[in-house]
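Peer 1: One predicted model, sequence on top.
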Amino acid sequence: MSKRKQDPSTADAGSDSDSDVSIIDVDFEYFDLNPTIDYHAFKRLFSQLFQRDADRFDLGALTDLVLSQTGIGTTIKTDGEESDPYALLTVLNMHAHQNHPSIAALAPYFLEKTAPDSAFSAQLRDLFAGANTHVGLVLCERLVNMPVQTIPPMYRLMSEELKSALAESKPYAFTHLLFVSRTYHLSDAEEEALANRAPSHKSKKPKKAKPQQPAPQARPMDGIYSFHPEDATIQEYALHSITYPFSTAQEPRDADSFGLDVRGRLMLVEAGRWEALVARMSEIYVKQILLSAMSATTITVTTLDPSLPEHTALIPALVGIHIACIETDETIATFTPPLNAEKMARWWEGMVNDARNGARVIFLAFATKPDAQPELAGYVILYRPRWETGPFRGVVEKLLVSPSYRRLGIARKLMERLEVEGKALGQTLLTLDTETGSPAEVIYPKLGYIQLGIIPNYGISPKDKSLKGGTFFWKQL
């Protein structure tokens, strides 16, 4: 992805040149929540979300509650999983956590802020008091400069996570969803002052082609603008929406005041409209230019053919992804550090020989970016044991995706191809195992695999050589 950046040295100089616009490549990556990394960044984002009223809540407790949930929520980062998140999306069951200090403080706050809208306040009060109503508190916040086009994928991911959680009878069967957001107000005088300070874009030089930009937001009748442009879509599906002033007073504003008149917003949506809302949000924003690089990446899956020299020449690339997953994700995958590339290459030569004699089938995923050659992005192995008592069984091994190509649906594409080919070969009962508590443990239920159980102390962690449990899954094709 790319974003536009203005050179601060020329922003206020009154220059009529277009040369101060440059393109910077930024890779936005989507990750699960990470309790060991994300705590302080989440707390800052929640402080930004609740603004001057943030001191009314125990944001540390709220952050702990969010991070205690497994399999729900997404962050956006730009420098790998160990870096700070730029954006967060998650949801909390306000009924299930009604006695938690953070929810116990937020619920009356929301009732207080909806009081000017009697219908909204009355319905929210009934929902909080009802035994059979469950309100999901949707928390979405990001750094100010994050493009809105990065947000719909987060909602799509959470939609899939909620389906998986419901399949496991986890407490996410919501009847309603309550969205919290931020707005700001501009008076007529402030709007005019901002317009007068806007730099001129006239140029005497030939103009360069510029990246497509979203249309500017038209002035609302009430002067209320959204920090989160997707609020407009959420409001289309909302039963109620209200913009409210914060309780903690700000200093009196005059013509010389700095900063914005920031306010809060609450939107209530029936859970039955969630899928339509997510689809509509994607329809509006994902097509725009900032996601073109991601959407232009083509993923193809093929079967490794040991008779093709170009396929056997991929062994170094297979080893490279293997090493990257162990070092980046601390994946338990046969080898432990210090990793020896030559030893791993010999192991992969054995896998290729197994593919030659039919004991294993190796599926390869290639990613092709515009004007670039295909690059190996991931793989998975189907092991076909020669058991007379179970010729229909197959074992899924080494589902690994390069850290450079995450969140493009590669794991799903590989598994879909493996299942189609496996069924054609007669492997109709598949089993697999993965590290207990790892991100991979969340993937397989989404693909229809049923958890069989956990074996403790099943594998040695490459991180600290401690013993980790193994979670086993199966699927009947």
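Peer 2: Yep, that arrived. Residues are numbered from 1 along each chain as shown.
Peer 1: CA atoms for contacts and neighbours, from now on please.
Peer 2: Noted.
Peer 1: Where do the strands of the stretch 351-477 of the chain begin and end?
Peer 2: For the stretch 351-477 of the chain, the strands defined by DSSP state E, counting those that start in this stretch cover 360-368, 375-383, 393-401, 429-435, 450-460, 467-476.
Peer 1: closest to residue 298 out of these?
Peer 2: For the strands of the stretch 351-477 of the chain, proximity to residue 298 was assessed by C-alpha to C-alpha; strand 360-368 is nearest, at 5.1 Å.
Peer 1: do you know which of the strands of the stretch 351-477 of the chain lies nearest residue 172?
Peer 2: Here strand 450-460 is closest among the strands of the stretch 351-477 of the chain (C-alpha to C-alpha), at 19.2 Å.
Peer 1: Could you export the closest one as CSV, CA atoms only?
Peer 2: Extracted C-alpha coordinates of strand 450-460, given in CSV (Å, rounded to 0.1, in the frame of the first residue of the first chain):
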residue,chain,number,x,y,z
ILE,A,450,-12.9,-30.5,14.8
GLN,A,451,-10.7,-30.4,17.8
LEU,A,452,-10.0,-33.9,19.1
GLY,A,453,-8.0,-33.0,22.2
ILE,A,454,-4.7,-31.8,23.6
ILE,A,455,-1.6,-33.7,24.5
PRO,A,456,0.5,-31.8,27.0
ASN,A,457,4.3,-31.5,26.7
TYR,A,458,4.1,-32.6,23.0
GLY,A,459,6.8,-30.5,21.4
ILE,A,460,9.9,-28.4,22.2
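Peer 1: Which positions in it come out as buried?
Peer 2: Buried residues in strand 450-460, defined by neighbour count with 16 or more other C-alpha atoms under 10 Å: 450, 451, 454, 459, 460.
Peer 1: Now distance to residue 61 too, for the strands of the stretch 351-477 of the chain, in a markdown table please.
Peer 2: What follows is these, written out as a markdown table (distance: least, C-alpha to C-alpha, whole Å):
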| stretch | distance to residue 61 |
| --- | --- |
| strand 360-368 | 42 |
| strand 375-383 | 39 |
| strand 393-401 | 35 |
| strand 429-435 | 29 |
| strand 450-460 | 30 |
| strand 467-476 | 29 |
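Peer 1: Would you mind giving those as a markdown table with mean pLDDT and distance to residue 147 added?
Peer 2: As requested, the strands of the stretch 351-477 of the chain are exported to a markdown table (pLDDT from 0 to 100; distance: least, C-alpha to C-alpha, whole Å):
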| stretch | mean pLDDT | distance to residue 147 |
| --- | --- | --- |
| strand 360-368 | 95 | 24 |
| strand 375-383 | 96 | 26 |
| strand 393-401 | 96 | 26 |
| strand 429-435 | 96 | 35 |
| strand 450-460 | 95 | 37 |
| strand 467-476 | 96 | 38 |
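Peer 1: sorry, back to before: nearest to residue 428, of the buried residues of strand 450-460?
Peer 2: After measuring those against residue 428 - C-alpha to C-alpha - the closest member comes out as residue 450, at 14.4 Å.
Peer 1: Provide the strand pairings for the helix or strand that contains residue 262, with the direction of each partner.
Peer 2: Assessed by DSSP states H and E, residue 262 sits inside strand 261-270. Here strand 261-270 has these sheet partners by DSSP bridges: strand 176-185 (antiparallel), strand 238-244 (antiparallel).
Peer 1: Can you tell me what sits against that strand?
Peer 2: Strand 261-270 is contacted by residues 50-51, 110, 114, 175-186, 234-235, 237-246 when judged by C-alpha atoms under 8 Å, 6 or more residues apart in numbering.
Peer 1: hmm, which of those are the buried ones?
Peer 2: Buried among these (16+ other C-alpha under 10 Å): 50-51, 110, 114, 176-186, 234-235, 237-238, 240-246.
Peer 1: Could you tell me the phi and psi values at the residue sitting furthest away from the middle of the chain?
Peer 2: Largest separation from the mean C-alpha position in the chain: residue 388, at 44.2 Å (C-alpha atoms, centre = their mean). Main-chain dihedrals, residue 388, degrees, to the nearest 10: phi -70, psi -30.
Peer 1: what does residue 330 give?
Peer 2: phi 60, psi 40.
Peer 1: Please renumber the chain so that the first residue is 44 from this point on.
Peer 2: Sure, I'll start numbering at 44, so the last one becomes residue 373.
Peer 1: Model confidence for it, exactly?
Peer 2: Residue-level confidence at residue 373 comes out at 71, pLDDT.
Peer 1: cool, and residue 72?
Peer 2: So, for residue 72, pLDDT stands at 89.
Peer 1: was I right about it contacting residue 117?
Peer 2: No - judged on C-alpha atoms under 8 Å, residue 72 makes no contact with residue 117 at a distance of 10.0 Å.
Peer 1: residue ranges of the helices in the stretch 94-243 of the chain, please?
Peer 2: Along the stretch 94-243 of the chain, the segments classed as helices by DSSP state H, counting those that start in this stretch run 102-111, 144-157, 161-172, 194-210, 231-240.
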